[in-house]
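> Quick one: sequence plus predicted model below, questions after.
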Amino acid sequence: MGDVVIDDAAGFAGLGLREELLKALTSLGYEEPSPIQREAIPPLLEGHDLVGQAATGTGKTAAFALPVLQKMVRGAAGDGPGTLVLVPTRELAEQVSQAVHRYGRDLGVRVLPVYGGQPIGRQLQALQRGVDVVVGTPGRVLDHINRSTLKLGTVRSVVLDEADEMLDMGFAEDIEAILAETPVERQTVLFSATMPPRIDAIARRHLRDPVRIQMGRQTTTPGEMPLIRQSSYVVARAHKPAALARVLDVEAPSAAIVFCRTRQEVDEVTEMLNGRGFSAEALHGGMSQDQRDRVMSRLRGGSTELLVATDVAARGLDVEQLTHVINYNVPTAPESYVHRIGRVGRAGREGAAITLVEPREGRMLKAIERLTGQRIAVEKVPTVTDLRARRMELTRSALQASLESDDLERFRVVLDSLSDEFDSETVALAAVKLAHEAAGGDVDDEEEIPSVARESRAGGRDREPGRADGGRRDRPGGGQRSDPGATRLFVGVGRRAGVRPQDLVGAIAGEAGINSRDIGAIQITDRFSLVEVPEETADRVIEALQRSTIRGRKPTVRRERFSR
């Protein structure tokens with residue numbers, strides 16, 4: 001089946017959805033279908049089976065839920081469910097159920113999540129009253145089938161969501177047994193983030209001439225930043241705890257998941273982070289469901305900023321405000337990396353996926369790049385200078401927010417009492433010092449983390465990250481000053497303004513007349529950039545950049561003030 005072409009202006013209405021669904025989507029703030037929705041909804045409305053490869057967060061729940069609800073008869077109370085959705089985890093069952101309920105509220109849809117860890121009596125009562133859509137984990141659905149409390153003879157649509165995750169969790173036999181209880185003429189939909197051969201085998205056995213959709217990585221127009229910023233740091237094992245803390249200090253995520261391989265590692269990393277002043281919670285298979293729920297509640301409520309978890313414990317988790325996924329180790333299975341990073345960069349928000357790579361793990365990183373078709377930038381671990389600059393930037397941002405508030409007048413008595421003895425600038429500097437110390441203070445006790453090289457695929461070693469042929473620093477590198485005759489400049493625009501290394505190189509070379517080869521390391525953070533230039537050209541570069549614009553903005557440009 002060819003690509004479906006839909007007029008952008010028509011939005012969801014152009015897909016032919018009924019009025020009740022359009023009203024619900026409008027009330028939820030949805031304006032345009034996502035790519036997976038544009039591709040999947042028309043063939044599903046026509047009754048085709050479908051295989052879709054799409055990562056979590058691409059909008060695939062609506063892609064299968066809206067066609068199911070489109071075919072519902074309002075107010076009809078059938079003998080059994082018309083749709084069965086199988087998902088790998090309790091958390092995902094709850095999320096899908098809530099979404100189906102929101103989309104179909106004007107249709108009176110009756111949706112029931114069924115999963116382990118919940119009293120089965122409540123589920124039995126709901127099934128006896130009648131449901132339209134059952135969303136469940138394979139184990140609990142099969143349990144209901146064996147109890148004869150769930151009969152699937154009326155099912156017209158079956159959805160296998162996160163199919164690769166369900167197989168990884170050992171549900172293959174359960175899925176086969178469940179599908180055997182459903183009518184042969186059903187419509188079957190399969191979504192999976194990856195498509196290993198065993199997923200394709202299930203599709204061949206249980207789907208009839210399916211439409212196949214593969215959503216590649218999201219493309220961006222020139223100048224736009226990708227939704228998921230992927231990067232890595234090569235770090236020796238002994239320095240990984242310090243490197244993780246340094247990266248978190250510089251990135252300052254509002255909510256992040258740090259993935260570890262084992263329960264013991266989760267506990268050790270959690271203890272280390274809390275000892276360094278972070279608010280971290282552990283999540284692993286040794287915890288009860290009640291403990292997991294409390295941890296997730298604290299993360300979603302903002303009282304916890306970091307979740308340290310194993311893959312198994314984090315399956316199915318969806319945290320709306322998540323900004324960063326950090327791999328404490330390179331995942332041994334490239335598919336795991338795809339699932340992990342799919343938790344950020346959703347609904348137009350930018351997210352970051354960061355991986356700590358031991359030198360021997362270089363080949364595993366290459367395997368991930370082959371699977372995803374995307375390059376993972378290798379960057380230098382932030383230096384003490386970078387950390388100092390970041391903390392100063394946080395202090396400046398906090399003070400700016402306070403200056404923009406309207407609750408300053410009550411402190412005037414303090415300022416007036418000091419003005420007789422000190423001038424206003426001195427008082428302001430003392431206040432800044434206090435604010436800076438309250439936010440974490442200086443980093444004089446921090447030590448530099450040594451750079452190491454990554455093993456290449458051929459068994460040798462890659463060049464030091466940030467180095468190119470001839471010893472010249474590569475543009476995306478940065479963070480370390482190695483040339484004693486160089487000066488680092490602060491440029492007051494960064495990643496949030498869409499700034500890229502080539503923007504800075506072009507501005508400096510074009511406006512200041514400097515050969516691009518003379519420009520050294522470049523580091524770009526959210527709000528500012530640091531650029532290394534020869535000392536004798538620094539004043540000329542500052543003057544030239546102050547007259548120019550970068551990404552449409554006139555930046556503040558000066559020598560870096562906080563270098564050692």
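Noted; the coordinates are in hand. As the structure is a computational prediction, the values presented were derived from the model and not from experiment.
> Helix, strand or coil: sort out the closest residue to residue 28 other than its chain neighbours for me.
Taking C-beta to C-beta, 6 or more residues apart in numbering as the measure, residue 28 lies nearest to residue 102, with 6.3 Å between them; neighbours along the chain are not counted. The way it works is simple: take the backbone N, C-alpha and C, and place the C-beta from them, glycine included. Secondary structure for residue 102, judged by DSSP: H, G, I helix; E, B strand; the rest coil, is helix.
> Now the phi/psi pair for the residue nearest to residue 115 when sequence neighbours are not counted, please.
Nearest-residue entry for residue 115: residue 90, 4.2 Å, with adjacent residues in sequence omitted and distances by C-beta to C-beta, 6+ apart. Here is the backbone geometry of residue 90 (degrees, to the nearest 10): phi -60, psi -50.
> so residue 90 touches residue 293, yeah?
No - shown here, residue 90 and residue 293 do not form a contact pair, counting by C-beta atoms under 8 Å, at 9.5 Å.
> Who has more neighbours out of those two?
Just comparing residue 90 and residue 293: by other C-beta atoms under 10 Å the higher neighbour count belongs to residue 90, 22 against 14.
> ok, the more buried one to residue 132 distance?
Using C-beta to C-beta, to the nearest Å, one gets 21 Å for the distance from residue 90 to residue 132.
> List of residues touching stretch 495-513?
Stretch 495-513 is contacted by residues 223-225, 229, 475-476, 491, 493, 514-516, 519, 522, 524-527, 529, 531, 533, 537, 540-541, 543-545, 547-548, 550-553 when judged by C-beta atoms under 8 Å, 6 or more residues apart in numbering.
> try 7 Å this time
With contact meaning C-beta atoms under 7 Å, 6 or more residues apart in numbering, stretch 495-513 is reached by 223-225, 475-476, 491, 493, 514-516, 519, 522, 524-527, 529, 531, 533, 537, 540-541, 544-545, 548, 550-551, 553.
> For it, buried residues please.
By neighbour count, with 16 or more other C-beta atoms under 10 Å as the criterion, the buried positions of stretch 495-513 are 495, 497, 499-501, 503-505, 507-509, 511-512.
> remind me which residues of the stretch 451-564 of the chain are low pLDDT?
Counting by pLDDT under 70, the ranges of the stretch 451-564 of the chain that qualify are 451-485, 561-564.
> Kindly recompute the last result at 90.
Within the stretch 451-564 of the chain, the set of residues satisfying pLDDT under 90 comprises 451-540, 543-564.
> would you list every one of the strands in it?
For the stretch 451-564 of the chain, the strands identified by DSSP state E, counting those that start in this stretch occupy 486-491, 522-524, 529-534, 557-559, in order along the chain.
> what's the closest of the ones you listed to residue 330?
Taking C-beta to C-beta, strand 522-524 is the member of the strands of the stretch 451-564 of the chain nearest to residue 330, at 23.3 Å.
> Give the pairing partners of that closest one; include direction for each.
For strand 522-524, the pairing partners within the sheet under DSSP bridges are strand 529-534 (antiparallel).
> Could you quantify the relative orientation of the strand it pairs with and strand 486-491 as an angle?
150 degrees (axes from the mean of the first three to the mean of the last three C-alpha atoms, to 10 degrees).
> Show me which of the contacts of stretch 495-513 are buried.
Burial of those was assessed by neighbour count (16+ other C-beta under 10 Å); the buried members are 475-476, 491, 493, 514, 519, 522, 524-527, 529, 531, 533, 537, 540-541, 544-545, 548, 550.
> and which of the buried residues of stretch 495-513 is nearest residue 271?
Among those, and counting by C-beta to C-beta, the member closest to residue 271 is residue 495, at 31.4 Å.
> and the gap between the closest one and residue 501?
Noted for residue 495: a distance of 11 Å to residue 501, by C-beta to C-beta.
> for residue 308, same thing?
Using C-beta to C-beta, one gets 32 Å for the distance from residue 308 to residue 501.
> What of residue 62?
Plainly put, residue 62 is 37 Å away from residue 501 if you go by C-beta to C-beta.
> What of residue 526?
As defined by C-beta to C-beta, residue 526 lies at a distance of 15 Å from residue 501.
> Now do the same for residue 406: its pLDDT.
According to the model's per-residue confidence, residue 406 sits at a pLDDT of 66.
> could I get the strands of the stretch 451-564 of the chain as CSV with distance to residue 380?
Rendered in CSV, the data for the strands of the stretch 451-564 of the chain read as follows (distance: least, C-beta to C-beta, whole Å):
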stretch, distance to residue 380
strand 486-491, 14
strand 522-524, 8
strand 529-534, 12
strand 557-559, 21
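> which helix of this protein spans the most residues?
If you go by DSSP state H, the chain has its longest helix at helix 384-403.
> who does the next helix or strand after that one touch, helix- and strand-wise?
Beyond helix 384-403 on the C-terminal side, the first helix or strand identified by DSSP states H and E is helix 412-419. Using 3 or more C-beta pairs under 7 Å, 6 or more residues apart in numbering; DSSP states H and E as the contact criterion, no helix or strand is in contact with helix 412-419.
> Can I get helix 412-419 in CSV? Just the C-alpha atoms.
Written as CSV, here are the backbone C-alpha positions of helix 412-419 (Å, rounded to 0.1, in the frame of the first residue of the first chain):
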residue,chain,number,x,y,z
ARG,A,412,15.0,47.1,50.9
VAL,A,413,15.6,47.6,54.6
VAL,A,414,18.6,45.4,54.4
LEU,A,415,20.0,47.2,51.4
ASP,A,416,19.4,50.6,53.0
SER,A,417,21.1,49.6,56.2
LEU,A,418,24.3,48.5,54.3
SER,A,419,24.4,51.4,51.9
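> hmm, who's touching the helix or strand just after it?
Secondary structure here is assigned by DSSP H and E; on that basis, the next helix or strand after helix 412-419 toward the C-terminus is helix 424-438. Contacts with helix 424-438, where a contact means C-beta under 7 Å, 6+ apart, come from 395, 398-399, 415, 418.
> Quick one: buried ones out of these?
Neighbour-count burial (16+ other C-beta under 10 Å) applied to those gives 395, 399.
> Closest one to residue 138 out of the contacts of helix 424-438, please.
Distance ranking of the contacts of helix 424-438 against residue 138, using C-beta to C-beta, places residue 398 first at 48.8 Å.
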